[in-house]
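Trainee: Could you look at this predicted model? Sequence included:
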Amino acid sequence: MSKAERIKEEIGWLKLVFGILVAIDVSLVAWLAQNYGTADRVLVLSGLVAVLVVTVALVWVNRSAMQRFKQLEEL
């Protein structure tokens, strides 16, 4: 497998992970928007922490994909 093909495969996996993380992030934000008033305070705080963690993971995956795109351009 050539280096370009390997990088393309990595980008494909990163796209999959990115899509899953987006779905999780949107779901968590929607749950918080619907239940912040009625849910237990611990659940709301846990949800906020989860949104923060997933959002940071999204940024990391996005930056990783951008680095792979730059590597492809250099080949």
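Mentor: Okay, I see it.
Trainee: Can you tell me which residue sits nearest the middle of the chain?
Mentor: residue 58 (2.8 Å; CA atoms, centre = their mean).
Trainee: which ones are touching that residue?
Mentor: Taking CB atoms under 8 Å, 6 or more residues apart in numbering, we find residue 58 in contact with 18, 21-22, 25. Any C-beta I mention is one placed from the backbone N, CA and C, and that applies to glycine too.
Trainee: need those in CSV with secondary structure and distance to residue 48, can you?
Mentor: Below are the contacts of residue 58 laid out as CSV (DSSP: H, G, I helix; E, B strand; the rest coil; distance: CB to CB, whole Å):
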residue, secondary structure, distance to residue 48
18, helix, 22
21, helix, 16
22, helix, 18
25, helix, 12
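Trainee: Going by neighbour count, which of those comes out on top?
Mentor: residue 21 (20 neighbours; other CB atoms under 10 Å).
Trainee: Distance-wise, check residue 36 relative to residue 13.
Mentor: Applying CB to CB, to the nearest Å, the value for residue 36 to residue 13 is 34 Å.
Trainee: Residue 35 and residue 48 touch, don't they?
Mentor: No. Using CB atoms under 8 Å, residue 35 is not in contact with residue 48; the gap is 12.0 Å.
Trainee: List the single closest residue to residue 21 in space, sequence neighbours excluded.
Mentor: residue 58 (4.9 Å; CB to CB, 6 or more residues apart in numbering).
Trainee: I'd like to know how far the one you found sits from residue 2.
Mentor: Separation of residue 58 from residue 2 (CB to CB): 29 Å.
Trainee: try residue 72
Mentor: Using CB to CB, one obtains 11 Å as the distance from residue 72 to residue 2.
Trainee: So for the two, which residue has more residues nearby?
Mentor: residue 72 (13 against 8).
Trainee: Per-residue pLDDT of that one, please?
Mentor: Note for residue 72: predicted pLDDT of 90.
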